[in-house]
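**Student:** Could you look at this predicted model? Sequence included:
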Amino acid sequence: MQLEILQYPDGRLRTVAADIKDVTPDIKKLCTDMLETMNVKGGAGLAAPQVGRSLRIFVMVDDEHSVFINPIITERSAATTISDEGCLSFKGFGFIKVKHSDTVTVSAIDIDGKLFSKKYDKLLSQCVQHEMRHLDGDLLIDHLE
Ligand code: ZN
């Protein structure tokens, strides 16, 4: 089921999201709905607060892992790059230049409730950092370079 994506300046985008206690059927359904919504909208990633659910979940276009529940960045490179960044909640804003770490390692729980850890670089590293910021109510507009 496709979900409605909240648009800036909707106040719900500023909420700090809560941890997931159990990967319940409702949470799994939310994850698959978020994946469907991301794919239909052509985004690289989507975070639960963007669909009005204040939960620490994001989805991302990656072959190996696409669902990240209770994600934590465990390591990030000192090296940074400033790149163009877009957001499905900032329609009509185009791209904004944002600074991000070149690589990040993220630990999260997948849709089957299994813990995993993976290192990302390039666009996916940027995407992880963007989606993680959504979980703390931190938006693109706060990172203008
Ligand atoms: Zn976004």
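**Tutor:** Received, thanks. Since we're looking at a predicted model, the values are computed, not measured.
**Student:** what's the closest non-adjacent residue to the residue most central in space within the chain?
**Tutor:** Nearest to the geometric centre of the chain sits residue 131, at 2.4 Å (C-alpha atoms, centre = their mean). If the residues on either side of it in the chain are set aside, residue 131 comes closest to residue 58, at 3.7 Å by C-beta to C-beta, 6 or more residues apart in numbering. From N, CA and C alone the C-beta is placed, and that goes for glycine too.
**Student:** ok, now residue 53?
**Tutor:** Nearest residue to residue 53 in three dimensions, chain neighbours excluded: residue 30, at 6.1 Å (C-beta to C-beta, 6+ apart).
**Student:** Does residue 130 touch residue 43 like I think?
**Tutor:** No: Residue 130 is beyond contact range of residue 43, at 10.2 Å (criterion: C-beta atoms under 8 Å).
**Student:** Now do the helices in this structure.
**Tutor:** 25-41, 122-134 (DSSP state H).
**Student:** Export the ones you listed as JSON lines, with columns for mean pLDDT and distance to residue 12.
**Tutor:** Below are the helices of the chain laid out as JSON lines (pLDDT from 0 to 100; distance: least, C-beta to C-beta, whole Å):
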{"stretch": "helix 25-41", "mean pLDDT": "98", "distance to residue 12": "15"}
{"stretch": "helix 122-134", "mean pLDDT": "97", "distance to residue 12": "11"}
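**Student:** Can you tell me which of those is most buried?
**Tutor:** When the helices of the chain are scored by mean count of other C-beta atoms under 10 Å, the highest mean neighbour count falls to helix 122-134 (a mean of 21).
**Student:** what about it, distance to the chain center?
**Tutor:** Its chain's average C-alpha position is 6 Å from that of helix 122-134, according to C-alpha atoms, centre = their mean, to the nearest Å.
**Student:** Likewise for stretch 56-63?
**Tutor:** Distance, stretch centre to chain centre, for stretch 56-63: 6 Å (C-alpha atoms, centre = their mean).
**Student:** go on, stretch 106-117?
**Tutor:** Remark: stretch 106-117 is offset 14 Å from the chain centroid, using C-alpha atoms, centre = their mean.
**Student:** Only the buried residues of it, if you could.
**Tutor:** For stretch 106-117, the buried set under the neighbour-count rule, 16 or more other C-beta atoms under 10 Å, comprises 106, 108-111.
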